[in-house]
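Student: Show me how the following folds:
(2 chains)
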Amino acid sequence: MKRDNATVKLDWTRLLGFEQVVEHREAMRMERIGGKVGDKVGQKTGVKIGQKEGRK
Amino acid sequence: MMTFEPSAERGWALDRRMRERLAQSLGYVFEAAGDLLAVAPGEAERIAAAIRAKPQSPHRFGAYYDLVLAIEAGDTGRALQLCDQLRADLECGAASLAGIDDRPEWQAERYRRMFLSDVGMAEQPGPDLLAEYAERVAAAFRLLDAGYPELAGEIRALLREIVVAAGPEDPRALTFDGASCYMLWGAVLLNARGQTNVLDTAQALAHESGHNLLFGFCADGPLVENADEELFASPLRKDLRPMDGVVHATYVVARMHQAVSRLLESGLLDGEQQAAARKDLALHRANFDAGDGVVREGGRLTRTGAEALDAARRYMAAAA
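Tutor: Model (predicted):
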């Protein structure tokens, strides 16, 4: 977030469960129950959280 | 906490812990970006106190994650909108059931975005389908209340909203039975066309609430150390999954096995249901063994992940 050329940098260690929110791990857990329904795939590519190096 | 035996007490304890973590983290976010978000310290404290005080709508959690993502993206306007959502006194049900579009548009949009890989793969169920499915879910809860009340109590403690959508009718199309999302604590999505009988719907409730249970275990860290880019076969999906997804699938398969086993032992199932239950038990065991084999070969479990999965392994070994 920018204002007056300042950017808010959040400390990822103080966010809730963000190790599990990044990229593939974050969201959809659609799974089939015992093969009773048709084929499915649904690989979610994940939300984009920008540069996260060094912040996990 | 990590026992494989479900209980309402555990569900409520996890809910309290997740709300406490949310309140703490939201307080930090407001402190770090408060002047830009126009959230006064007293207001931030009021929001945190409300979160700590009682069970919350899944959209409190969803709005928090969206707010962090908006801050990361530098989207000030969106962040301000999300602060308004966090200020709102959102209605919170107790395992309440409604169609995916039977709610304010911004809530329906979030559910579609966070639950679904393709927002077009689920539609609002028609009135007849929704009514029929609501009755089946109610019947599934009645069955669990009578045959496995500990699981029924835990499901109610974990779930605030059961969101119902209709998957595609084309048998060749990609579809789903249910979905859960870490960012939507307390919500599950179920496909009204995904199950055709009460026993299957009871299993779907055990399954999706099992994902929420694991989310609750993970308030302080993930289940695995494997990188998200490492992909493995999963017992429940055709596509390759990160190890986190394989551990989730393996765990919830054991939970479904447990649910079916206890219902079978309860004597409440009729002859047709008993035959289906025995078939399901065999399928769940095969899927558990397949998933557990993948985890043993390639999984690098954290202490949390090991404790959770070991509990499932002990249950499956004892149930053999």
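
Student: what's the worst-scoring helix or strand of chain B on mean pLDDT packed up against?
Tutor: Every helix and strand of chain B was ranked by mean pLDDT, DSSP states H and E. The lowest is strand B:237-242, at a mean of 81. Applying 3 or more CB pairs under 8 Å, 6 or more residues apart in numbering or on different chains; DSSP states H and E, one finds that strand B:237-242 contacts strand B:231-234, helix B:243-266. Any C-beta I mention is one placed from the backbone N, CA and C, and that applies to glycine too.

Student: Make JSON lines from these and add distance to chain A and mean pLDDT to it.
Tutor: Formatted as JSON lines, the helices and strands packed on strand B:237-242 follow (distance: least, CB to the nearest CB, whole Å; pLDDT from 0 to 100):
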{"stretch": "strand B:231-234", "distance to chain A": "8", "mean pLDDT": "88"}
{"stretch": "helix B:243-266", "distance to chain A": "5", "mean pLDDT": "96"}
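
Student: which one of those has the most crowded surroundings?
Tutor: Highest mean neighbour count of these: helix B:243-266, a mean of 24 (counted as mean count of other CB atoms under 10 Å in any protein chain shown).

Student: what helix or strand does B:Gly62 sit in?
Tutor: With elements taken from DSSP states H and E, the one containing B:Gly62 is helix B:58-73.

Student: just B:Gly210 next, same as before
Tutor: Going by DSSP H and E, B:Gly210 is in helix B:198-217.

Student: That helix - what's its average pLDDT?
Tutor: In this model, helix B:198-217 has a mean pLDDT of 96.

Student: cool, stretch A:7-19 as well?
Tutor: The model assigns stretch A:7-19 a mean pLDDT of 79.

Student: cool, and stretch B:137-157?
Tutor: Stretch B:137-157 shows a mean pLDDT of 98.

Student: Give the next helix or strand downstream of the helix or strand B:Gly11 falls within.
Tutor: Here B:Gly11 sits within helix B:8-37, counting by DSSP H and E. Next in sequence after helix B:8-37, counting helices and strands by DSSP H and E, comes helix B:41-53.

Student: Could you give the bridge partners of the residue nearest to B:Ser234 when sequence neighbours are not counted?
Tutor: Distance criterion CB to CB, 6 or more residues apart in numbering or on different chains; nearest residue to B:Ser234, sequence neighbours excluded, is B:Arg241 at 4.2 Å. Residues in a beta bridge with B:Arg241, per DSSP bridges, are B:Phe232.

Student: Tell me who's in contact with B:Arg241.
Tutor: B:231-234, B:249 (CB atoms under 8 Å, 6 or more residues apart in numbering or on different chains).

Student: export these to a markdown table and tack on distance to B:Glu132?
Tutor: Below are the contacts of B:Arg241 laid out as a markdown table (distance: CB to CB, whole Å):
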| residue | distance to B:Glu132 |
| --- | --- |
| B:Leu231 | 38 |
| B:Phe232 | 37 |
| B:Ala233 | 35 |
| B:Ser234 | 31 |
| B:Ala249 | 28 |
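
Student: Briefly note if stretch B:77-87 comes near chain A.
Tutor: Yes. Interface with chain A: stretch B:77-87 contributes B:Ala79 (CB under 8 Å from any CB of the partner chain).

Student: no no, stretch B:105-122
Tutor: Yes. Contact of stretch B:105-122 with chain A (CB under 8 Å from any CB) involves B:114-118, B:121.

Student: Report the rounded mean pLDDT for that stretch.
Tutor: Averaging pLDDT along stretch B:105-122 yields 87.

Student: Work out the gap between it and the centre of the chain.
Tutor: 15 Å (CA atoms, centre = their mean, to the nearest Å).

Student: With stretch B:293-312 instead?
Tutor: 19 Å.

Student: hmm, who's touching that stretch?
Tutor: Residues contacting stretch B:293-312 (CB under 8 Å, 6+ apart): B:2-4, B:214, B:217-218, B:220-226, B:230, B:232-235, B:243, B:246-247, B:250-251, B:254-255, B:288, B:292.

Student: let's go with 6 Å and repeat that
Tutor: B:2, B:4, B:217, B:221, B:223-226, B:232-233, B:243, B:246-247, B:251, B:254 (CB atoms under 6 Å, 6 or more residues apart in numbering or on different chains).
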